[in-house]
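> what follows is a predicted protein model with its sequence.
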There are 2 protein chains.
Amino acid sequence: MLRAILARTEPASRAILGPGDDAAVVAAPSASVVATTDTLVHGPDFRLAWSSGYDLGWKSAAVNLADVAAMGAAPTALLVALAVPRDTRLSFVTSMADGFRDACAALAPGCSVVGGDLTVSEVLMVAVTALGDLGGRAAVTRSGARPGDVIALAGELGAAAAGLGLLFGRFRDGERPVPVDRALLEGPQLRALDAQLRPAPPVGLGVMAAVAGATAMMDVSDGLALDAARLAESSGVSIRFDGAAIDRVAFGGDRRRALSGGEDHGLLAAFPADVLPPGFHALGAVVAREGDGVLVDGAPVSHEGWDPYRDWDGVVAG
Amino acid sequence: MLRAILARTEPASRAILGPGDDAAVVAAPSASVVATTDTLVHGPDFRLAWSSGYDLGWKSAAVNLADVAAMGAAPTALLVALAVPRDTRLSFVTSMADGFRDACAALAPGCSVVGGDLTVSEVLMVAVTALGDLGGRAAVTRSGARPGDVIALAGELGAAAAGLGLLFGRFRDGERPVPVDRALLEGPQLRALDAQLRPAPPVGLGVMAAVAGATAMMDVSDGLALDAARLAESSGVSIRFDGAAIDRVAFGGDRRRALSGGEDHGLLAAFPADVLPPGFHALGAVVAREGDGVLVDGAPVSHEGWDPYRDWDGVVAG
């Protein structure tokens, strides 16, 4: 059955040996491989009333492709570990496979599913590992931003959070999620819904940014304030944002949601002052480390980003 | 918290960039990377009454390292996607990290955990992706065995199944698993228990077999009969086993369990007739395809191996 699912994915241009053996073999022309893994679990990360199998396949591919892009690498392959309840319909799983295939085709042509594992579990869970190639360049880490750099973003901020707000606000019966009726939504709302359920991070711009000379880069998945603070901390710098510039990339012009809303998967990058590749919007400047890592119009912002483990850490440590 | 766990793993000799950024970067000196993923889910795949966190970390590493070895590659890195219930103790997770570290050190020196993802789930689940390097050689697939080759095994058969039998037979209270009291077990029983809970596949022999000229190789995880049938099918050959030779690598001399018992993770390989590297035991011969893919002392054997999805396939397809 696993083979039948994998057969739905496109022939892999970077796969030397695809599914069907003990392991896949993927080209790594740079003699190094970028690797990342991210998991979506039913309940905390998605609800089947809101996400179709296709959506789930697409999103679990997209969030991993964004992490590869954030290193300045081109995605080459996905491996999918899928745990599904025993009564799952085959059509649901094949729809997921279609979502993987289409997300790769749309966001990272040449990348495909090269391997996987199918397990039975009481809780639906999909763990994706994405591999990528750096094309001979060094990886663009979070730690290379220097005072004098421009800080810039590819993508939009707050749209995925707005979409989550719509789901919780409009498509629930008490505590129970109910299926989305898209006819009830208008243009910008549909865009927010898609940003949440079927995100389209600017994967191709990761390589463009690296080639252009990005000094630091990361995927913005936990809100601009928290993620920028991480980049500032790693680089030993502070980041001074221009509030009006944030407003221009904020979904609906909502600055607060842009700073704190998660799951947008845009690319935040620092560039030398005279560099700004197409697709990136300047949001401010990297400066020498001050007391606060992140400032908007000169005022410090709390790291009010979305960190699902922040509360939970206290529980398990106690 | 995830960073604290990853910090417990050994410094990675093959990791150019380890945990802490959007993705890891792993050396791939052969300009290709071997990649495989395998998942363990609480319930179907392990029980916490029987497996410690350390056992679980060890086993989930070991089964993936075996798949890399079965391609003739040396494991270079693991990525760990861990989904745990909200009330999981931190000490359990750090014990898992110790299990990962020690399995890598024991079975695949130079390999380590380079990345991971920690999620909350109602069901404990660990999905591991292992990467490996072929050292410039072609991958050893399942499809290259030729008539005239010797078929050989590194490892033991049936021990893991014997261990599972002990757990179900001796450490249950009704349907409920109860903790294992090792003092109740004798030498061979302890060895069977370890084969089930903390397997030690012959990972290093995968590269040795490839260098020696193995024409086909695979990890024996679903019993010799079923896995040999897969290799025979892929290669378009039949495999004639010598029953007495199987008995010599069968745990407790039990041929039936050797043929059908799963989770041993030995390496089944075909070699040119004059080649048999140290650690491999000749079990028979590869012959031109006959009606049956697998024969023992000339008689066909049913593929009575352990395939957890065989029954389940029917359910979801229906």
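Cool, got the structure. As the structure is a prediction and not an experimental result, all values here were calculated from the model.

> what residue spans form the domains of chain A?
Using automatic domain parsing, the domains assigned to chain A come out as A:7-133, A:150-300.

> so A:A138: helix, strand or coil?
Secondary structure, DSSP: H, G, I helix; E, B strand; the rest coil: A:A138 is coil.

> hey, where'd the helices end up in the stretch 201-318 of chain A?
Secondary structure of the stretch 201-318 of chain A by DSSP state H, counting those that start in this stretch: the helices cover A:204-212, A:224-235, A:243-249, A:255-260, A:310-317.

> neighbours of A:A245, how many?
For A:A245, the neighbour count with other Cβ atoms under 10 Å in any protein chain shown is 18. Bear in mind the C-beta positions are built from the backbone N, C-alpha and C, glycine included.

> might you report the residue contacts of it?
By Cβ atoms under 8 Å, 6 or more residues apart in numbering or on different chains, the residues touching A:A245 are A:H281, A:A282, A:L283, A:G284.

> between those, identify the one with the most neighbours.
Highest neighbour count within the contacts of A:A245, by other Cβ under 10 Å: A:L283, with 24 neighbours.

> how about it, nearest residue that isn't a chain neighbour?
A:A245 (4.7 Å; Cβ to Cβ, 6 or more residues apart in numbering or on different chains).

> also A:V68?
Spatial nearest neighbour of A:V68, excluding adjacent residues (Cβ to Cβ, 6+ apart): A:G132 at 3.7 Å.

> which stretches of the stretch 1-150 of chain A have low pLDDT?
Within the stretch 1-150 of chain A, the segments meeting pLDDT under 70 span A:1-13.

> helices of that one, residue ranges please.
For the stretch 1-150 of chain A, the helices defined by DSSP H, counting those that start in this stretch occupy A:2-6, A:53-69, A:90-107.

> can you put those in a markdown table and add mean neighbour count?
What follows is the helices of the stretch 1-150 of chain A, written out as a markdown table (neighbours: other Cβ atoms under 10 Å in any protein chain shown):
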| stretch | mean neighbour count |
| --- | --- |
| helix A:2-6 | 17 |
| helix A:53-69 | 28 |
| helix A:90-107 | 20 |
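
> could you dump those into TSV and include distance to A:R240?
Shown next, in TSV, are the helices of the stretch 1-150 of chain A (distance: least, Cβ to Cβ, whole Å):
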stretch	distance to A:R240
helix A:2-6	48
helix A:53-69	25
helix A:90-107	31
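
> of those helices, which is nearest B:A73?
For the helices of the stretch 1-150 of chain A, distance to B:A73 was read as Cβ to Cβ. The smallest value, 20.3 Å, belongs to helix A:2-6.

> pick out the residue of the stretch 151-300 of chain A closest to chain B.
Residue nearest to chain B within the stretch 151-300 of chain A: A:D219 (5.1 Å; Cβ to the nearest Cβ).

> wait, isn't that residue in contact with A:V68?
No. Using Cβ atoms under 8 Å, A:D219 is not in contact with A:V68, being 9.2 Å away.

> tell me the residues that contact both of those two, please.
In contact with both A:D219 and A:V68: B:D22, using Cβ under 8 Å, 6+ apart.

> residues contacting the residue of the stretch 151-300 of chain A closest to chain B?
A:A66, A:D67, A:A69, A:A70, A:P201, A:D227, A:H265, A:G266, A:L267, A:L268, B:D22.

> so A:L190 is in which element?
Assigned by DSSP states H and E, A:L190 falls within helix A:187-197.

> stretch A:14-27 vs chain B: in contact?
Yes. Residues of stretch A:14-27 contacting chain B under Cβ under 8 Å from any Cβ of the partner chain: A:I16, A:L17, A:G20, A:D21, A:D22, A:A23, A:A24, A:V25, A:V26, A:A27.

> now, those residues that are in strands?
Using DSSP state E, the subset of the residues of stretch A:14-27 next to chain B located in strands is A:I16, A:L17, A:A24, A:V25, A:V26, A:A27.

> top of the residues you listed by neighbour count?
Counting neighbours by other Cβ under 10 Å, A:V26 leads these with 29 neighbours.
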